[in-house]
Every structure is written in structure tokens, then in C-alpha cells.
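J.: the following block contains a protein sequence and its predicted model.
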Amino acid sequence: MTPIEIMALIVAVLGSIKLIVILLNPKSWLDGAAKTAFSNPVLTTMVSLVLAAVTLMYLLEELTIIQIFAVMLFLMFLMAAAIAPYSKEIIAMGDKILKDRGVVKKGWLAIIIWAVLIIWVLYAIFV
């Protein structure tokens, strides 16, 4: 099995577990996995970034950054469809977050990572 097949299998297995748990007891997903994963934001950020870097490294062995961004567009549309029924709650949460004057200060790392990735893709497309 290739690294990409292993990553796809991980997504399929974790996605299946999440779907089953949510269908059987939705609150248990929030109380168990979500609260546990996000109880320590610094740790969650560090682990996520390391896993993202490793994943990107393996993806770049098979795909270009342009292809990865195209897949991200597909994922963005799926996510938009999934959260659309909760638009009022999402907008309220966004308003609450934006009232915090430190929103950019809290999100600086993500902003830098996205900026670098966007510049990389634009460079790959136009140069």
C-alpha cells in the first residue's frame, strides 16, 4: 500500500467512525472527540501542523501543489454544503470572533501558512 493509499484509508476509517458515532449519539462526538481534541489549542495546533507537513510531503511525491489546491476546492465545496444548514449559527460565530480585536493576533500562524501556500500556487501557475 502506498503512503497516499494509507492516508486515504485513514480518512475513510476515521470518517466512518465519526459517521457511525454521530448517527448513534451525536452529543458523544462533541463531548468525546471534539472536546478532547480542542481542549489544548496549542497542542492541537502543533500536532496538526506536524501532521499537515508530513501529509503535504507525501502528497508532493505524487501530486503538484496546483493539484492539491484543486482538491482543496472540492473539499471547500463539500464543507460549504455540510455547514449551509447551520448558516445562522456560523454567521453568529463569525460575528463573535470578529468582535475580538485580537483575531489577527490569534490567527497569525494560519495567515502566514495560507499566504505562503497561495504564493507558492500562484508562482507554480504563472511562472
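T.: Happy to help now that I have it. Numbering: from 1, shown residues only.

J.: state the distance from residue 83 to residue 110.
T.: 18 Å (Cβ to Cβ, to the nearest Å). In this view, the C-beta of every residue, glycine as well, is placed from N, C-alpha and C.

J.: residue 32 too?
T.: Distance from residue 32 to residue 110, by Cβ to Cβ: 25 Å.

J.: residue 79 now?
T.: Applying Cβ to Cβ to residue 79 and residue 110 gives a distance of 16 Å.

J.: quick one: pLDDT of residue 104?
T.: We have a pLDDT of 89 for residue 104.

J.: so who does it touch?
T.: Listed by Cβ atoms under 8 Å, 6 or more residues apart in numbering, the contact set of residue 104 reads residue 111.

J.: any idea how this protein splits into domains?
T.: The chain resolves into domains spanning 1-62, 64-127 when parsed by automatic domain parsing.

J.: can you list the buried residues in stretch 28-47?
T.: For stretch 28-47, a neighbour-count test (16 or more other Cβ atoms under 10 Å) marks residue 29 as buried.

J.: so how far is the first residue of that stretch from its last?
T.: Stretch 28-47 has its terminal residues 23 Å apart, counting by Cα to Cα, to the nearest Å.

J.: now that stretch: average pLDDT?
T.: 91.

J.: and the contacts of that stretch?
T.: Identification of contacts with stretch 28-47 by Cβ under 8 Å, 6+ apart yields 18, 21-22, 109.

J.: could you rerun that using 10 Å?
T.: Residues from elsewhere that reach stretch 28-47, judged by Cβ atoms under 10 Å, 6 or more residues apart in numbering: 14, 17-23, 25, 48, 106, 109-110.

J.: lovely, talk soon.
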